[in-house]
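K.L.:
What would the 3D arrangement of this be:
(chains A and B)
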Amino acid sequence: MTSIAKPLIEKHLKKNDLGLTVRDYEGGMSTLCAGCGHDSVTAALVQAFYELSVEPHRAAKVSGIGCSSKTTAYFLGQSHGINTVHGRMPSVATGAAAANGELHYIGVSGDGDSLSIGLGQFCHAIRRNVNMLYIVENNGVYGLTKGQFSAAADLGSKAKKGEENPLSPIDPVQMALTLGATFVARGFSGDKKQLVPLIKAAINHKGFALLDVISPCVTFNDHPGSTRSYAHTYEFYHPAVHTDYIQPSKEIVADYEAGSSMNVEQHDGSIISLRKIDEDYDPRDRGRALEFLTQAGARKEVVTGLLYLDEEKSDMHALNNMPKEPLNTMAYEKLTPGSTALDELQKSFC
Amino acid sequence: MNVVAEAIVGSRINDFVMKIANVNGTGSASANGLLMKTVFRMGVPVVGKNLFPSNIQGLPTWYEIRVTKDNYQARTGSVDLMVAMNQATYAQDLAKTSPGGFFIYDSTWPRPELLSREDVNVVGVPLAQLCNEHFSVARIRILMKNMAYVGVVAALIDLDMDVIHELVREMFGSKANLIDGNMKAIQIGYDYVKDNYACPLPLKVETADLTDGYIMIDGNQAAGLGCVYAGATVGAWYPITPSTSLMDGFKTYCDKYRVDPETGENNFCIIQAEDELASIGMVVGAAWNGARAFTPTSGPGISLMSEFIGFAYYAEVPIVLFNVQRTGPSTGLPTRTQQSDLLLCAYASHGDTKHILLFPADPNECFTSAVEAFELAEGFQTPVIVVSDIDIGMNDWMVPKLEWDDNWKPNRGKVLSPADLEKMDNFYRYFDSDGDGVPYRTLPGESAKGSYFTRGSGHDEFGYYTENADKYIKVLDRLTLKLENAAKVVPGPILTKAAEDTKLGIIAIGSSHGPTLEALDRLADDDIHLDYLRIRAFPFSPEVDEFLATHDRVFVVDQNRDAQLRTLLVNETIGKKKQLRKLLWYSGKVADCHFIIDGVKADLKEGDE
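P.N.:
From the prediction side, this is the model:
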């Protein structure tokens, strides 16, 4: 993927708990088109990690192929990153998490990468509840190959040259809900205020956190008739749940009306504060969440927010009964049975 | 004995072949295993080959046991004692029985047509009738019929009943009723034959001491065990015949040896993936993250994994694969053996790629190859494929006992620790600072200074994206150097010199080793002498060129139609097409020595004319 170094700009930047500035969480210069929604997601990721005071090298970035997958080079330049093959980021993230469960894994994918070529891996990573943040930067088109519809394109949405998409879309949010995902959210690249707390909550969720971000493609899918344009998204934008993320050590500042917010504690002691905007909505009820999304979809609403959350389900590590100590650096003495055991075992082979 | 034809000339003590024909899914595996293990425990070398269908129940299956005092490892191609337990294959089983041989069948239903061959001794035993008289449940009767033929064979070839009893006790442990039931069935068969026929036959087993220091094990189990000893912690796989039992083995031994005694937690992670695209992706992710990770598969899996194999080659991720080859192309014959993935494995993936391959020749070498594979993968930061096949992977072989040196420690290759990084001005992932083609890597999560971006797209020696021709070529040429250096340290070929000086040579790999050794003995009997080079790895060691330089005519044993090993030799050594003669076997059946003997003789005759 293309990247160039960013120019250094001296500024009096604020520092986080680790004494790091936002710049310490940035990466290479983006080579995406000016105005690309993906760059806003990148900025939100930088902000979220900065605010969480995560040591940059304790995160690892994984991606596949496509415009979205390029962005892992544009944030967390002090983290390891791996840009894999098309549609296979979930398996690489799964293997990486198996080797060391103590890092923050951020998978960045797109609607082509996750919903067409990589749909199988996307589904199975959800089923395994791999502990990771999985972002789908969803723009409804293939950008690098010049604007073909993706599997996420809405029925009837128009391509740049006017042709209508004749096929039904695959909605990653609804899929994730039916597959048993434990953290399902949707954001919009144009709403950083909503996106940053969603990312922070997702990073600290113990399990698979899906964040589908509507991220318009300014070059191939930002025209009238497209349901993934900035204009269309703003018009039908419908935040269902307002989400705030409160770090474990921070004091909870109650700036919500009493009674309207719901606090959910995460495994690390942090708190996700959810404030319902829609009366009917309950983000702890999978069935209701699906029903709500189906009905809102019929009204063409782009429902956003933390739409479903389950902090109780076991993640991949727990399901495999794995230790906290990473396997990748475990001492060989703990791994080898030794010669005596081999001699003993071979008695049964005689 | 009430049926005697012109029996096999002389007695055949500890040197004959018996074959059991049965129906898949009737539970005959334990009976056949019992027969083989009894011979082994009586101190007589033995070879077992299972010929089974891709089916759960109903199709014919055969199990061949060679009793071989000379410790040959191949099939002979003939059958001296046929235990015909499948009426559907009576005719072909009778036809396959050697002249002067013996044919045992279930005479509950008389089959006069089986007397059609006057040169075969037919031994009828009313097994079904005997089992029906002694056992009441239908399923038990079927299972016990298998044990009853163990008794029949035991009486005919003079197996030690005490050994059989001991093995049955080991098989069923504390389940006394199962031990008694099975022993009863064995005794029924044994007694019937003793009462009705002159025992033993001229084919018989006599106690010896030729199996001390040996074990019986299949290659997949040994490879799985090898992965445990190698320190592998992450295994990802998708079920595919015939590699499934490799991961079963790894799991069995991890459950036994890798569960923390205090916490009960697993110091390993095994993931059954959704397909081979995912299993190899998981291995890449885990290996990139510093774990020793592997996947067992077979040919179709390698096809699917090829994209990631190329990624791991170019991004330099140390992954280990096991390809337990089966018969291709396409789905092919999934339960039959071949060596037909050699070219696929050597150059798997698009673009210029080349991979390290190891060719174990028996289960003992599957164990050592597993360990070696991880050392090479991490040493050279590249994929390593252990290439075995069904014959090695799924048949029980008598091999020297596995050895382990407790002083051994894994060499994780060039991995920089945070302390190492502190001493450096800069870290660049793909910079060849040692000039040996192998750069240094770092593990995610350890140090910001060591962070780098791994990519399958064009990159320069500093790890940055590039489309610059010179920078791209520099990295690609370093990968060539790396593989050239690997050729110098992979397990070298083993040279077996002929009894006399000769300009004739023969080259073989993997499971062709057994048939080749036996063929060389038979050819030597006819005063034809060949030096033998068994290749154990690819890229080929320098010794292969030396061998080719000193032999005018070199036979290449290939268990595939297209002479793939020969093609690799033509492509990668000084060997010339004309110099390298094809010896081909690709029926899917486990090879015997005859195609080698016949092929060499035919070629030499042609050459003389």
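
K.L.:
Could you say which helix or strand holds the residue most central in space within chain B?
P.N.:
Centroid-nearest residue in chain B: B:Ile392, 1.5 Å away (criterion: CA atoms, centre = their mean). Assignment of secondary structure by DSSP states H and E places B:Ile392 within helix B:390-394.

K.L.:
what do you get for A:Asn321?
P.N.:
Under DSSP H and E, no helix or strand contains A:Asn321.

K.L.:
measure it to chain B for me?
P.N.:
Plainly put, A:Asn321 is 5 Å away from chain B if you go by CB to the nearest CB, to the nearest Å. The way it works is simple: take the backbone N, C-alpha and C, and place the C-beta from them, glycine included.

K.L.:
so that residue makes contact with B:Asp260?
P.N.:
No. Checked against CB atoms under 8 Å, the pair A:Asn321 and B:Asp260 is beyond contact range at 9.7 Å.

K.L.:
Common neighbours of these two, please.
P.N.:
B:Asn266 (CB atoms under 8 Å, 6 or more residues apart in numbering or on different chains).

K.L.:
Flag the shaky bits of chain A, pLDDT-wise.
P.N.:
Scanning chain A for pLDDT under 70 picks out the ranges A:1-11, A:249-261, A:276.

K.L.:
do you know how far the residue lying farthest from the centre of it is from B:Met216?
P.N.:
Relative to the centre of chain A, the most outlying C-alpha is that of A:Cys350, 53.6 Å out, by CA atoms, centre = their mean. Going from A:Cys350 to B:Met216 by CB to CB, to the nearest Å gives 7 Å.

K.L.:
List the buried residues for the helix or strand containing A:Ile199?
P.N.:
Taking DSSP H and E as the criterion, A:Ile199 maps to helix A:192-203. The neighbour-count criterion (16 or more other CB atoms under 10 Å in any protein chain shown) identifies A:192, A:194-203 as the buried residues of helix A:192-203.

K.L.:
could you check whether it is close to chain B?
P.N.:
No. On the criterion CB under 8 Å from any CB of the partner chain, helix A:192-203 is out of touch with chain B, staying 14.9 Å away.

K.L.:
Measure how buried the residue in the stretch 151-300 of chain A that chain B sits nearest to is and give me the count.
P.N.:
For the stretch 151-300 of chain A, the nearest residue to chain B under the criterion CB to the nearest CB is A:Leu179, separated by 12.2 Å. A:Leu179 has 17 neighbouring residues, counting by other CB atoms under 10 Å in any protein chain shown.

K.L.:
Surely A:His80 is in contact with B:Lys449?
P.N.:
No. If you go by CB under 8 Å, A:His80 and B:Lys449 don't touch, sitting 11.5 Å apart.

K.L.:
returning to that earlier point: and the residue of the stretch 151-300 of chain A closest to chain B, what are its phi and psi?
P.N.:
Torsion angles at A:Leu179 (phi, psi; degrees, to the nearest 10) stand at phi -90, psi 0.

K.L.:
Leaving out chain neighbours, which residue sits closest to it?
P.N.:
Leaving aside its chain neighbours, A:Leu179 sits nearest to A:Ile126 (4.5 Å; criterion: CB to CB, 6 or more residues apart in numbering or on different chains).

K.L.:
hmm, back to that, contacts for the helix or strand following the helix holding A:Ile199?
P.N.:
The helix or strand immediately downstream of helix A:192-203 is strand A:208-214, counting by DSSP H and E. Outside strand A:208-214, the residues within contact range by CB under 8 Å, 6+ apart are A:37, A:41, A:125-126, A:128-139, A:172-173, A:176, A:181-189, A:195, A:198-199, A:201-203, A:228, A:233, A:302, A:304, A:315.

K.L.:
Give the buried residues for whichever strand or helix holds B:Val153.
P.N.:
If you go by DSSP H and E, B:Val153 is part of helix B:138-157. Residues B:141-157 are the ones in helix B:138-157 that count as buried (16+ other CB under 10 Å).

K.L.:
Can you name the next helix or strand after it?
P.N.:
With elements assigned by DSSP H and E, the helix or strand that comes after helix B:138-157 is helix B:161-172.

K.L.:
Just give the strands next to the helix or strand hosting B:Trp62 in its sheet, each with its orientation.
P.N.:
When elements are assigned from DSSP H and E, B:Trp62 belongs to strand B:60-68. Using DSSP bridges, strand B:60-68 pairs in its sheet with strand B:15-23 (antiparallel), strand B:46-51 (antiparallel).

K.L.:
Let's have those in a markdown table, adding mean neighbour count, mean pLDDT and distance to B:Thr335.
P.N.:
Listed next are those as a markdown table, based on neighbours: other CB atoms under 10 Å in any protein chain shown; pLDDT from 0 to 100; distance: least, CB to CB, whole Å:
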| stretch | mean neighbour count | mean pLDDT | distance to B:Thr335 |
| --- | --- | --- | --- |
| strand B:15-23 | 24 | 96 | 15 |
| strand B:46-51 | 22 | 94 | 8 |
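
K.L.:
And those strands: which comes nearest B:Leu114?
P.N.:
Among those, the nearest to B:Leu114 by CB to CB is strand B:15-23 (12.7 Å).

K.L.:
List the buried residues in the helix or strand immediately after that closest one in the chain.
P.N.:
The first helix or strand that comes after strand B:15-23 along the chain, using DSSP H and E, is helix B:29-41. Going by neighbour count (16+ other CB under 10 Å), the buried part of helix B:29-41 is B:29-41.

K.L.:
Next one, pLDDT for B:Gly58 please.
P.N.:
pLDDT recorded at B:Gly58 is 87.
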